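> generate a structure from the sequence data that follows.
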Amino acid sequence: MAKVVVLGAGTGGMPAAYETKEILGKSHEVVVVNEHPEFRFVPSNPWVAVGWREPEAITIPIEKYLSKKDIGFVCARVTQIDADNSVLKTEAGDTIEYDYLIIATGPKLAFANIEGAGPEFFTQSICNLDHAKACYVDFQKLLENPGPVIVGAFQGASCFGPAYEYAFILDKALRDAKIRHKVPIHYITSEPYIGHLGLGGVGDSKSLLESELRTKDIKWICNANVDKVEDGIMHISEFNRKGEAELSHSLPFVHSMLIPPFAGIDAVANVKDLCNPKGFVITDEYQRSPVYPNIFSGGVCVAIPPVESTPVPTGTPKTGYMIETMMTAIAHNLQSIIVDGVEPSAKGTWHAICLADMGDTGAAFVAMPQIPPRNITWFKKGKWVHYAKIAFEKYFMRKMKTGSSEPVYEKYVLKALGIERLE
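Next comes the predicted model:
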């Protein structure tokens with residue numbers, strides 16, 4: 001009997017556990033290790049940050065639902081991976097042995113790269129649920145004492161969709177509160193242009209998002225490098241196309257939310273020869289470590305090169321559809337190795353699908369493949385996307401409760417977009 005340990009129980013780790021258990025069957029053990037006792041649906045964090053969604057609505061107890069599928073659960077923070085001996089070590093001093101490891105931890109939020117950044121200092125975040133709840137507290141202070149707001153993404157960020165979402169959702173929340181006229185908003189981003197998204201743009205994303213920002217009276221600065229953040233003041237260098245600092249800005253704010261750069265969590269990044277310099281797991285086309293053949297990885301924690309060189313560093317996002325197919329590939333490759341005794345052959349896709357809420361409307365895009373040049377490029381905006389994302393949240397939460405191995409993006413999102421399948 002093989003023991004497969006899944007490290008991380010997010011939107012990649014939970015589906016990986018369900019699908020791996022289903023495909024391996026009762027003869028093999030699957031155990032999930034996560035530092036929190038509940039699953040948290042990260043895509044809904046922007047709604048939590050303005051009070052549109054209660055945290056309890058986007059969380060479920062992990063052990064309760066995994067146990068129904070005969071999947072083990074250990075609630076612990078892993079501090080070390082002894083890859084040579086196939087052992088995890090926890091903060092409490094316990095050890096967890098594995099035959100095969102699936103790393104699905106998500107990222108470390110590298111606020112330390114920017115002086116004064118992060119909830120411990122002067123900027124808010126929506127990258128995890130605790131941060132989104134803290135952001136909501138700060139949002140309530142904004143309602144009581146309106147003033148300038150800064151939203152966006154720091155240099156080195158690779159996840160731009162939630163920044164745009166929060167800017168538009170915040171705009172709608174402030175309009176609903178009848179105080180938008182008291183709150184000037186700046187959108188600050190390391191992208192070379194609005195709508196770049198870390199993807200080199202998708203279709204008409206530049207013109208559509210620029211138009212939406214203008215309509216919402218949101219000013220923007222691209223090629224922005226945040227030099228430091230002080231209490232109520234953000235110091236920004238604006239670069240030109242040559243990568244030279246051209247302008248300096250010192251913007252006041254009473255509320256700010258910027259997406260940080262990502263890195264690999266320490267326990268993963270510290271494993272010799274497992275990761276690139278930023279701590280992201282290096283995998284082959286089968287999601288397998290070239291150095292440790294019993295370690296697989298998928299999701300935000302894997303290494304993917306930037307789409308292109310930009311004046312201010314930007315990373316490449318790992319979108320939900322890509323993550324879903326990575327985890328499916330891992331499950332099938334473990335079946336090949338453990339059950340069939342053959343080499344892996346399943347591969348994830350490098351296509352991108354995204355539903356982004358914009359308050360009372362939304363934007364959806366398809367990029368096939370994610371990195372250009374592409375066979376398919378599709379970007380549209382409409383109120384239907386807003387409702388589609390609400391429905392998607394419910395659909396995904398139901399999947400986490402039932403343990404279904406159905407591909408959510410292919411079954412629901414592609415159908416919502418009127419696309420049968422991405423090949």
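> use CA for all of it now, contacts and neighbours both
OK.
> okay, the longest helix belonging to the chain in CSV with CA atoms only?
Ranked by residue count under DSSP state H, the longest helix found in the chain is helix 383-402. C-alpha atoms of helix 383-402 as CSV (Å, rounded to 0.1, in the frame of the first residue of the first chain):
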residue,chain,number,x,y,z
LYS,A,383,-23.3,41.7,-15.8
TRP,A,384,-23.6,38.0,-16.6
VAL,A,385,-20.0,37.5,-15.4
HIS,A,386,-20.8,38.9,-12.0
TYR,A,387,-23.6,36.4,-11.6
ALA,A,388,-21.6,33.6,-13.1
LYS,A,389,-18.9,34.1,-10.5
ILE,A,390,-21.4,34.0,-7.7
ALA,A,391,-22.8,30.7,-9.1
PHE,A,392,-19.3,29.4,-9.5
GLU,A,393,-18.5,29.9,-5.8
LYS,A,394,-21.5,27.9,-4.9
TYR,A,395,-20.6,25.2,-7.4
PHE,A,396,-17.0,24.9,-6.1
MET,A,397,-18.1,24.8,-2.5
ARG,A,398,-20.5,22.0,-3.3
LYS,A,399,-17.7,20.1,-5.0
MET,A,400,-15.6,20.4,-1.9
LYS,A,401,-18.4,19.0,0.3
THR,A,402,-19.3,16.1,-2.0
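> give the other helices and strands that it contacts.
Helix 383-402 sits against helix 62-67, strand 352-357, strand 362-368, with contacts defined as 3 or more C-alpha pairs under 8 Å, 6 or more residues apart in numbering; DSSP states H and E.
> and the next helix or strand past the longest one?
Pointing back at strand 362-368 there. strand 376-381 (DSSP states H and E).
> parallel or antiparallel, list what pairs with that next one.
When pairs are called by DSSP bridges, strand 376-381 turns out to pair with strand 362-368 (antiparallel).
> now do the longest helix of the chain: distance to the chain's middle.
17 Å (C-alpha atoms, centre = their mean, to the nearest Å).
> what does stretch 185-197 give?
With C-alpha atoms, centre = their mean, you get 18 Å for stretch 185-197.
> mind listing residues that contact it?
Defining contact as C-alpha atoms under 8 Å, 6 or more residues apart in numbering, one finds that stretch 185-197 is touched by 148-161, 167, 198, 201-202, 205-210, 217-225, 310-314, 317.
> from start to finish, how long is it in a straight line?
Start and end residues of stretch 185-197 are separated by 19 Å (C-alpha to C-alpha, to the nearest Å).
> residue ranges for the helices of the chain, please.
13-24, 45-48, 62-67, 129-144, 161-176, 205-215, 266-269, 320-334, 383-402, 408, 414-416.
> Pro293: which of these is closest?
helix 320-334 (10.9 Å; C-alpha to C-alpha).
> elements contacting the closest one?
helix 13-24, strand 352-357.
> tell me who's in contact with Leu109.
So, once contact is read as C-alpha under 8 Å, 6+ apart, Leu109 ends up touching 260-263.
> out of those, which comes closest to Thr11?
Nearest to Thr11 among the contacts of Leu109 is Phe262, at 16.8 Å by C-alpha to C-alpha.
> hmm, Pro107 and the closest one touching each other?
Yes. Taking C-alpha atoms under 8 Å as the definition, Phe262 is a contact partner of Pro107 at 5.7 Å.
> so which of these two has more stuff around it?
Phe262 (23 against 19; other C-alpha atoms under 10 Å).
> partner residues bridging the more buried one?
Beta-bridge partners for Phe262, by DSSP bridges, are Leu109.
> give the contact list for it.
Counting by C-alpha under 8 Å, 6+ apart, Phe262 has contacts 107-110, 156-158.
> what number of residues lie near Asn270?
For Asn270, using other C-alpha under 10 Å, the count is 16.
> with the one 3 residues further on instead?
Here the neighbour count serves as a burial measure; for Asp273 (other C-alpha under 10 Å) it reads 14.
> how near is it to Asp84?
From Asp273 across to Asp84, the span is 11 Å (C-alpha to C-alpha).
> what's the answer for Ala163, then?
Taking C-alpha to C-alpha, one finds Ala163 at 39 Å from Asp84.
> okay, the two: which has more neighbours?
Ala163 (24 against 9).
> what are the ranges of the strands in the stretch 1-150 of the chain?
3-7, 29-34, 38-40, 59-61, 72-75, 78-82, 87-90, 95-97, 100-103, 108-109, 149-153 (DSSP state E, counting those that start in this stretch).
> just these: most buried one?
Most buried of these by mean neighbour count (mean count of other C-alpha atoms under 10 Å) is strand 149-153; its value is a mean of 27.
> ok and that one relative to helix 129-144, angle-wise?
Angle, strand 149-153 to helix 129-144, by axes from the mean of the first three to the mean of the last three C-alpha atoms, to 10 degrees: 150 degrees.
> strand 149-153 packs against which elements?
Going by 3+ C-alpha pairs under 8 Å, 6+ apart, strand 149-153 lies up against helix 161-176, strand 185-189, strand 255-259.
> partners of that strand, with directions?
So strand 149-153, judged by DSSP bridges, has these partners: strand 185-189 (parallel), strand 255-259 (parallel).
> mean confidence (pLDDT) on the first one, please.
For strand 185-189, the mean per-residue pLDDT is 98.
> just the last one next, same as before
The predicted model gives strand 255-259 an average pLDDT of 98.
> thinking again about what came up before, report the buried members of the contacts of stretch 185-197.
148-161, 167, 198, 201-202, 205-206, 208-210, 218, 220-225, 310-314, 317 (16 or more other C-alpha atoms under 10 Å).
> between the helices and strands packed on helix 320-334, which has the poorest mean confidence score?
strand 352-357 (a mean of 88).
> sheet partners, orientation included, of that strand?
strand 362-368 (antiparallel).
> what comes into contact with the partner strand?
Strand 362-368 is contacted from outside by 202, 350-357, 374-386, 422, using C-alpha under 8 Å, 6+ apart.
> what do you get if the cut-off is 7 Å, keeping everything else the same?
For strand 362-368, the external contacting residues (C-alpha atoms under 7 Å, 6 or more residues apart in numbering) are 202, 351-357, 374-383, 385-386.
> now, of these, which are buried?
Buried among the contacts of strand 362-368 (16+ other C-alpha under 10 Å): 202, 351-357, 377, 379-381, 385-386.
> can you add distance to Gly243 and give these back as CSV?
Below are the buried ones among the contacts of strand 362-368 laid out as CSV (distance: C-alpha to C-alpha, whole Å):
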residue, distance to Gly243
Val202, 23
His351, 30
Ala352, 28
Ile353, 30
Cys354, 30
Leu355, 32
Ala356, 30
Asp357, 32
Thr377, 28
Phe379, 29
Lys380, 31
Lys381, 32
Val385, 36
His386, 37
